[in-house]
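1. What would the 3D arrangement of this be:
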Amino acid sequence: MELVRGDYRPPLEYVKGIPIIKYFAESLGPLQSWQPRPDDLLISTYPKSGTTWVSEILDMIYHGGDLEKCHRDSILTRVPFIEFKVPGCPTGLEVLEDTPPPRLLKTHLPLALLPKGLLDQKVKVVYVARNAKDVAVSFYHFYRMAKVHPDPGTWESFLDKFMAGEVSYGSWYQHVQEWWELGRTHPVLYLFYEDIQENPKREIQKILEFVGRPLSEETVDHIVQHTSFKEMKKNPMANYTTLPVEVMDHSVSAFMRKGVTGDWKNVFTVAQNERFDAHYAKKMAGCNLNFRSEL
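-> From the prediction side, this is the model:
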């Protein structure tokens, strides 16, 4: 099925009160009866929080740092995106069926929409969280280039929607907090985007320990080098340039845009920043998660 003009920028659909990309919402029914394998590994993030970065790191870990094997296909195929559904492309579930174990999977789903089997099977989770201000800016540019989203409108109006949780996948505040709490009862390695940026080798060592796959220091250094933003931005197997322009238009904004911490300072006005900080303090009150919005 080809994308037709009428399919561009459909409104979000609410599922259990959570706004989701229309096509992705259609995949959630079949996902609920899907049975994961106990040796699956789930990469979970709120959008624009380092999902592709950590997916690439883990794929390299699973293949012992073999770069050639990690160039075998696009990241969407190597690490199936379980709720993915776009006209004209294989669904996440279809890709999963063709993926040999042990499998890496990824999702942005909040817990309310997560397939029950993932929790029942105690599937290990690597969760990556990124500071809210940089996520908001990156998400705005992603909305602009990924046409499965509604039109983002102005930055000002998008920021209002982001703060209210009226963007795809709902509230950032709820997402980062509920996955943090899940770690009390479920095997979750909770990482921060800013920590990976600051010291990728240290954070990769945490991942290796969590997944039980020790690698030599030389191999870890090799993974650090090949999963740098600069390398991944030019890697067509990681930068999403293999998707049709009707789905992602890289001429509007690159999927991998800047990959830095603190870019929000170039976008937020003083008034927006003050309003955001006051709102953030209320939403995160009583939560012991600490985010760094600059390095």
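
2. where do the helices sit along this structure?
-> 22-32, 51-62, 67-70, 75-78, 92-97, 116-120, 132-145, 155-164, 172-182, 193-198, 200-211, 217-226, 229-233, 270-283 (DSSP state H).

3. Of the ones you listed, which shows the lowest average pLDDT?
-> Here the lowest mean pLDDT among the helices of the chain goes to helix 229-233, at a mean of 72.

4. closest one to Gly262 among the helices of the chain?
-> Smallest distance to Gly262 across the helices of the chain (CB to CB): 7.1 Å, for helix 132-145. For every residue, glycine as well, the C-beta is placed using N, CA and C.

5. Give me the buried positions along that closest one.
-> Buried positions in helix 132-145, judged by neighbour count with 16 or more other CB atoms under 10 Å: 132-145.

6. Need those residues in JSON lines (columns: distance to Arg78).
-> Formatted as JSON lines, these follow (distance: CB to CB, whole Å):
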{"residue": "Ala132", "distance to Arg78": "29"}
{"residue": "Lys133", "distance to Arg78": "30"}
{"residue": "Asp134", "distance to Arg78": "26"}
{"residue": "Val135", "distance to Arg78": "24"}
{"residue": "Ala136", "distance to Arg78": "28"}
{"residue": "Val137", "distance to Arg78": "28"}
{"residue": "Ser138", "distance to Arg78": "22"}
{"residue": "Phe139", "distance to Arg78": "24"}
{"residue": "Tyr140", "distance to Arg78": "28"}
{"residue": "His141", "distance to Arg78": "24"}
{"residue": "Phe142", "distance to Arg78": "21"}
{"residue": "Tyr143", "distance to Arg78": "25"}
{"residue": "Arg144", "distance to Arg78": "26"}
{"residue": "Met145", "distance to Arg78": "22"}
